[in-house]
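**Student:** Could you look at this predicted model? Sequence included:
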Amino acid sequence: MSRHHYRSSRSSAPPSITLYDIPGHTPQPWAPNIWRVRFILNFKRLPYTTVWVEFPDVETTLRSINAPPTAVRSDGRPIYSLPVIVDPSRNPNSPDIVSNANHIAEYLESRYPARQVFPTGSRAMQTLFVHYIQEVVAKPLLPIMIPLSHQGMAERSRSHFPGMGGVPVGPQREQAWAAVKEQFDFLAMVLDKNGGDGDGVVVMGEQVSYADFALCAVLVWIERMAAHDGWARVRTWHGGRWQRLLERCREWMD
C-alpha cells in the first residue's frame, strides 16, 4: 500500500498537488530527479501530497491516472517513470498531469510564477546547466550510487531489479570517486567565475534557482544513500562548497 506525506496548507491555498515518488527503506525521499521537483514545490510554498509507488507498480499506476509517458522505446512502446505531478488547481475534474522533472519545472514556473526558479533571461542557460549536471556530472556517480540506491530501496522495488551489480570496493572504489571528483573540480572552476557575486555558492550568483535545485538533488542523493563513504568525501571538496550549497537549500527540504 502506498504511503502518503501531507504538507500543511492554509484554507486559502490552491488544491493540493499530488507528487508521485519512489519510497526507500526509510520515509525520507532520495531519488534525485524527484528531489528537483520537491525543491521547487517547497520553494514556491505550494501544498502537496506524496504518493509513494514501488518500482513494480510505476507503469500500472501512471497508466491508471493517464499520465503521459516520459519516453518511447525503439519498438514504439511507451516508457513510464517518475516523477509525475497531478495538479487539480485549474479544474479538479480534469487536473493537469505532468511527467518528467524538467517538464514539471517548466509547468510549475508557468502556472505559479511567484518566487521564480527561472529568473528572467536565465532559462536557456539553466536548461544547459541542468543537462550538464544530469548527463556529465552525475554519470561517474552511477556505478557507485545505483548499487547503493538498490540496497536502500524497499524490498518490492529491490526485487524488481535482480542481479544488480555490487558497489565498487578497494582500488576500484577510489578510482570511481576520483572520477566523480574530476567532474566536481571542473564544476567548481566554472562556478568560481561568478567571483564575489552573492555568497559564491549558488549558480546565478545571488538568487537560488532551478540549476541549484538540480545540483542539490544530486547532493541529497549522495548524502542519503552514501552518507559514510560518499557524502563524507564530497562535503569536504573545494573548501566545503557543496556542503554550503546544500545547507543553503536545506530550508526547502522539509
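**Tutor:** Sure thing, it's come through.
**Student:** separation between residue 119 and residue 219?
**Tutor:** Counting by C-beta to C-beta, to the nearest Å, the gap between residue 119 and residue 219 amounts to 22 Å. Just so you know, the C-beta spots here come from the backbone N, C-alpha and C atoms, and that holds for glycine as well.
**Student:** ok, which stretches of the chain are helices?
**Tutor:** For the chain, the helices defined by DSSP state H occupy 32-43, 58-64, 101-111, 123-132, 142-152, 155-159, 170-191, 210-225, 232-234, 241-249.
**Student:** Just tell me which of the ones you listed ends up closest to residue 20.
**Tutor:** helix 58-64 (7.1 Å; C-beta to C-beta).
**Student:** send the alpha carbons of the closest one over as PDB?
**Tutor:** Coordinates of each C-alpha in helix 58-64 appear next as PDB, following Å, rounded to 0.1, in the frame of the first residue of the first chain:
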ATOM      1  CA  VAL A  58       5.000   2.500 -11.700                       C
ATOM      2  CA  GLU A  59       3.700   1.800 -15.100                       C
ATOM      3  CA  THR A  60       0.300   0.500 -13.900                       C
ATOM      4  CA  THR A  61      -0.200   3.400 -11.500                       C
ATOM      5  CA  LEU A  62       0.700   6.000 -14.100                       C
ATOM      6  CA  ARG A  63      -1.400   4.500 -16.800                       C
ATOM      7  CA  SER A  64      -4.300   4.500 -14.300                       C
END
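**Student:** That helix: how far from the chain's middle?
**Tutor:** Relative to its chain's centre, helix 58-64 lies at 20 Å (C-alpha atoms, centre = their mean, to the nearest Å).
**Student:** pretty sure residue 35 contacts residue 220?
**Tutor:** Yes: at 5.2 Å, residue 35 and residue 220 qualify as touching, with contact defined as C-beta atoms under 8 Å.
**Student:** Tell me who's in contact with residue 230.
**Tutor:** Contacts were defined as C-beta atoms under 8 Å, 6 or more residues apart in numbering; by that measure residue 230 touches 144-145, 148, 177, 222-223.
**Student:** what do you get if the cut-off is 10 Å, keeping everything else the same?
**Tutor:** For residue 230, the set of contacting residues under the criterion of C-beta atoms under 10 Å, 6 or more residues apart in numbering consists of 141, 144-145, 148, 176-177, 180, 219, 221-224.
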